[in-house]
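In: structural data only, the sequence is not supplied:
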């Protein structure tokens, strides 16, 4: 396929979606998401898209350490308005992974499988951490991305300016694209589990279901 080879080497996120199981969309409702799915959704590959993919992965691993995450049973809160910066792009990737949707999401069937309203946005900037909450246990985590540990090539800004001003030759365009994806590759393959880049903070422990 016409994609960089490293997409196939990136981490894979597996979830179980009871609604998908009900409708026969996937055997046992098990869905596997690869970085290419996020790229197809966003229409491009960049540190923001890759970072959102890794944020979702880290959150699901933290909330479901011993089992597949239940897609559609997680609330996501973005720390900024949906139109601000890269918030909307990241939210779309997180909807893909968690099923959490805003007001335009699926409204459910007789109170079950509801996705609408599980994704929310802050009215103003509240920080950088994205919050995830399991609807069944109340367990919550905040996940923050810091891509400064994966520095880019300082010459990229000059290349981009030349491209945008129609002053770049084919070599410059190719160098820009290859260098851009090289940073994404490092983020996905070298820093996916680096706590300096993907910071996970528990907010609330799971409820004790056996507690009287």
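Out: Sure, I can see it. In this text, all values refer to a predicted model and were calculated from it rather than measured experimentally.
In: show me the strands in this structure, by range?
Out: 13-16, 30-33, 69-70, 74-78, 119-121, 130-134, 140-145, 198-204 (DSSP state E).
In: which one of those lies closest to residue 184?
Out: Taking CB to CB as the criterion, residue 184 comes closest to strand 140-145 out of those, the separation being 13.2 Å. For the C-beta atoms, the positions are set from N, CA and C on the backbone; glycine is no exception.
In: okay if I get the strands of the chain as CSV plus mean pLDDT and mean neighbour count?
Out: Supplementary listing: those in CSV, determined by pLDDT from 0 to 100; neighbours: other CB atoms under 10 Å:
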stretch, mean pLDDT, mean neighbour count
strand 13-16, 98, 20
strand 30-33, 98, 16
strand 69-70, 98, 24
strand 74-78, 98, 22
strand 119-121, 97, 19
strand 130-134, 98, 23
strand 140-145, 98, 20
strand 198-204, 94, 15
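In: would you turn the ones you listed into a markdown table with distance to residue 179?
Out: Below are those laid out as a markdown table (distance: least, CB to CB, whole Å):
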| stretch | distance to residue 179 |
| --- | --- |
| strand 13-16 | 27 |
| strand 30-33 | 26 |
| strand 69-70 | 34 |
| strand 74-78 | 29 |
| strand 119-121 | 33 |
| strand 130-134 | 28 |
| strand 140-145 | 20 |
| strand 198-204 | 23 |
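In: so what's the closest residue to residue 91 other than its chain neighbours up against?
Out: Of all residues beyond its chain neighbours, the one nearest residue 91 is residue 78 (5.4 Å), with distances taken as CB to CB, 6 or more residues apart in numbering. For residue 78, the set of contacting residues under the criterion of CB atoms under 8 Å, 6 or more residues apart in numbering consists of 87, 90-91, 119-122, 130.
In: nearest to residue 62 among these?
Out: The shortest distance between residue 62 and any of these, using CB to CB, involves residue 130 and amounts to 12.2 Å.
In: tell me how far that closest one lies from residue 156.
Out: With the distance defined as CB to CB, to the nearest Å, residue 130 ends up 26 Å from residue 156.
In: quick check: longest helix of the protein.
Out: With DSSP state H setting the assignment, residue counts place helix 170-190 as the longest helix in the chain.
In: contact partners of that helix?
Out: Helix 170-190 is touched from outside by 4, 6, 9-11, 35, 45-47, 49-51, 53-54, 147, 150, 152-153, 155-156, 159-160, 162-163, 168, 197, with contacts defined as CB under 8 Å, 6+ apart.
In: 6 Å instead, please
Out: Under the contact criterion CB atoms under 6 Å, 6 or more residues apart in numbering, helix 170-190 has outside partners 4, 6, 9-10, 45, 47, 50, 150, 152-153, 159, 162.
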